[in-house]
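Q: prediction below, plus the sequence it came from.
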Amino acid sequence: MTKNTDGQKKPRQPSRAEFERQVAAKQRRKLRALKHRNRNVWFGLGMFGLVGWAVVVPALVLTALGVWLDSTQTGPRSWTLMLLVVGIGLGCLNAWHWVSKERQEIERERRNNENQQEDEDAS
């Protein structure tokens with residue numbers, strides 16, 4: 001900060017290159033926000049629901065199969081319980097797949113944005 005004639009401090013003026021860099025960064029943020037305008041609270045809730053259904057559906061299907069097996073076959077083992085555990089395990093693997101896929105897409109977009117920024121800074 002420098003002092004003016006009144007002895008008060010005034011903010012330092014950024015150089016032209018620094019100013020252009022700041023404007024370019026703001027422009028990139030605005031363009032990214034416009035590009036992902038549809039990703040709002042509903043997108044997050046939808047992803048949450050997708051993960052939930054990815055776990056519930058295999059668990060219910062395999063549990064129903066276990067109930068049917070228990071009703072048709074008698075034995076010391078509970079097919080319902082075993083297939084419920086297997087269904088939850090498969091559902092968790094399925095949910096992990098979907099979340100991992102979305103995370104990779106977000107990271108890819110972030111890398112693309114960083115590469116664009118580096119290219120613009122170089123020019």
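A: That came in fine, so what should we check first?

Q: packing partners of the longest helix seen in the chain?
A: The longest helix of the chain (DSSP state H) is helix 79-122. Applying 3 or more C-beta pairs under 8 Å, 6 or more residues apart in numbering; DSSP states H and E, one finds that helix 79-122 contacts helix 16-35, helix 41-72. C-beta here means a position set from N, CA and C on the backbone, and glycine is covered the same way.

Q: most tightly surrounded among those?
A: Sort these by mean neighbour count, taking mean count of other C-beta atoms under 10 Å, and helix 41-72 sits at the top with a mean of 14.

Q: any idea of the angle that one forms with helix 79-122?
A: Here helix 41-72 runs at an angle of 160 degrees relative to helix 79-122 (axes from the mean of the first three to the mean of the last three C-alpha atoms, to 10 degrees).

Q: now find how far off-centre helix 41-72 is within its chain.
A: Distance of helix 41-72 from its chain centroid, counting by C-alpha atoms, centre = their mean, to the nearest Å, is 21 Å.

Q: closest to Asn115 out of the helices and strands packed on helix 79-122?
A: Proximity to Asn115 (C-beta to C-beta) singles out helix 16-35 among those, at 11.5 Å.

Q: against which helices or strands is the closest one packed?
A: helix 79-122.

Q: if you rank every helix and strand of the chain by mean pLDDT, what lands last?
A: strand 2-3 (a mean of 54; mean pLDDT, DSSP states H and E).

Q: ok, back up a step: least confident of the helices and strands packed on helix 79-122, on average?
A: With a mean of 78, helix 16-35 has the lowest mean pLDDT of the helices and strands packed on helix 79-122.
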